[in-house]
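Engineer: take a look and give me a structure for this.
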Amino acid sequence: MVSKSLNNLIINPMKTLLFVAPLSLFLMCGGPTNPESPEADMATYEEFAEISPALKSAPRPQTMQAVDEAGPITKKNIKSGGISFKSDDIDEDYQKVLALLPDYDAYVENENQTKSDQRINYELTIRVPSVKYDSLYDGLSNLAGRVEHKYTNVQDVTERYYDLQTRIKNKQALEQRYLDLLGKATELKDMLEIERQLNEVRTEVENLQGQFNYLSQQVSMSTLQLSFYEVLPYTYQDGQRPGFGNRILSALSNGWQGMQLFVLGLVTIWPLYILLALAVLTIMLIRKWWKKRK
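Structural biologist: Numbers count the residues shown, from 1 in each chain. Below is the predicted model of the structure:
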């Protein structure tokens, strides 16, 4: 049946054009001008179903709509912030911070400590449920000794959140439509083409689902950067210079080592001595020959 339909398309140029144009647009762009809309997905489905008479005769599903049944839209924000303060006893403050986190279901995601002769620094990346961020932020601010800097950023991702959610559900609905077509297809060529489109739709669903999961995690868990340091007291570093006798022995040792290096250097350039000897011998022979000639 499909071969006859294709023959008719080849014979009739107008039919061929009507067949190739939608299919080319579908393969190149994945659908109409806006491939992310439910109307675009439904149009793509309809164009694909027209390829085979067997699929064309199958009952059509209802038009896919954007999913609005998920309930009222709630605002989705990504909240992050930081606190920097000077500590009088950094070890004590560090233990206080660790003891405070469980009260807010928070945990240290990353920790970094640096130490020098002048100061000790702690850098903590803390993850806390968004609903408890403000409470933990106030608690750490009160715990800190001398706060030098603190900030909070709020990023509204409500539109992005629900857009991803809707696109995932529409793509999943489109996937089910292709599964229905695959069950009704009788030609091998149709089956292979439907499976190819299924793989593309499933890849899109996985990609969108990954973005949605990451965004959901950022919304549900806030990030707080905690930085604190302690200035260490100055201590005089006594070099404890050795006595005169030890310095004399050290100088003799260094002089002997220098002499050894000098001798080794002279031995190393032994080919130069041979060249110099040959040059002197040549000059002497030339002068002797010149005198005999005179």
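Engineer: do a quick rundown of the strands in the stretch 51-200 of the chain.
Structural biologist: For the stretch 51-200 of the chain, the strands defined by DSSP state E, counting those that start in this stretch cover 77-86, 107-115, 119-129, 146-156.
Engineer: helices or strands up against the host helix or strand of Ser222?
Structural biologist: Here Ser222 sits within strand 221-231, counting by DSSP states H and E. Strand 221-231 makes packing contacts with strand 77-86, helix 90-100, strand 119-129, helix 133-143 when contacts are defined by 3 or more Cβ pairs under 8 Å, 6 or more residues apart in numbering; DSSP states H and E. C-beta: built from backbone N, CA, C; applies to glycine.
Engineer: in it, what's buried?
Structural biologist: Residues 221-226, 228-230 are the ones in strand 221-231 that count as buried (16 or more other Cβ atoms under 10 Å).
Engineer: buried residues in whichever helix or strand comes after it?
Structural biologist: Counting by DSSP H and E, the next helix or strand C-terminal to strand 221-231 is helix 244-268. Neighbour-count burial for helix 244-268 flags no residue at all (criterion: 16+ other Cβ under 10 Å).
Engineer: pLDDT of the helix or strand following helix 244-268, averaged?
Structural biologist: Moving toward the C-terminus from helix 244-268, the next helix or strand (DSSP H and E) is helix 270-293. Across helix 270-293, the average pLDDT comes to 88.
Engineer: put the alpha carbons of helix 270-293 into PDB.
Structural biologist: C-alpha atoms of helix 270-293 as PDB (Å, rounded to 0.1, in the frame of the first residue of the first chain):
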ATOM      1  CA  TRP A 270      90.000  18.900  28.500                       C
ATOM      2  CA  PRO A 271      89.300  19.000  24.800                       C
ATOM      3  CA  LEU A 272      90.100  22.700  24.900                       C
ATOM      4  CA  TYR A 273      93.600  22.000  26.200                       C
ATOM      5  CA  ILE A 274      94.300  19.700  23.200                       C
ATOM      6  CA  LEU A 275      93.100  22.400  20.800                       C
ATOM      7  CA  LEU A 276      95.300  25.000  22.500                       C
ATOM      8  CA  ALA A 277      98.300  22.700  22.300                       C
ATOM      9  CA  LEU A 278      97.800  22.100  18.600                       C
ATOM     10  CA  ALA A 279      97.400  25.800  18.000                       C
ATOM     11  CA  VAL A 280     100.700  26.600  19.800                       C
ATOM     12  CA  LEU A 281     102.600  23.800  18.000                       C
ATOM     13  CA  THR A 282     101.300  25.000  14.700                       C
ATOM     14  CA  ILE A 283     102.400  28.600  15.400                       C
ATOM     15  CA  MET A 284     105.900  27.400  16.400                       C
ATOM     16  CA  LEU A 285     106.300  25.300  13.300                       C
ATOM     17  CA  ILE A 286     105.300  28.200  11.100                       C
ATOM     18  CA  ARG A 287     107.800  30.600  12.800                       C
ATOM     19  CA  LYS A 288     110.600  28.000  12.500                       C
ATOM     20  CA  TRP A 289     109.800  27.500   8.700                       C
ATOM     21  CA  TRP A 290     109.700  31.300   8.200                       C
ATOM     22  CA  LYS A 291     113.200  31.800   9.800                       C
ATOM     23  CA  LYS A 292     114.800  29.000   7.600                       C
ATOM     24  CA  ARG A 293     113.300  30.600   4.500                       C
END
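Engineer: and the residue nearest to the spatial centre of the chain, how far from Met221?
Structural biologist: Centroid-nearest residue in the chain: Tyr214, 12.5 Å away (criterion: Cα atoms, centre = their mean). Distance, Tyr214 to Met221, using Cβ to Cβ, to the nearest Å: 11 Å.
Engineer: ok, now Ala251?
Structural biologist: For Ala251, the distance to Met221 - Cβ to Cβ - is 66 Å.
Engineer: so where's the stretch 101-250 of the chain shaky on pLDDT?
Structural biologist: 145, 234-242 (pLDDT under 70).
Engineer: next, the angle strand 119-129 makes with the strand holding Ser222.
Structural biologist: Orientation note: strand 221-231 sits at an angle of 160 degrees relative to strand 119-129 (axes from the mean of the first three to the mean of the last three Cα atoms, to 10 degrees).
Engineer: what angle do strand 221-231 and strand 107-115 make?
Structural biologist: Using the same axes, to 10 degrees: strand 221-231 against strand 107-115 is 20 degrees.
Engineer: centroid-wise, who is the farthest residue in the chain?
Structural biologist: The chain, Cα atoms, centre = their mean, max distance from centroid: Lys294 (90.1 Å).
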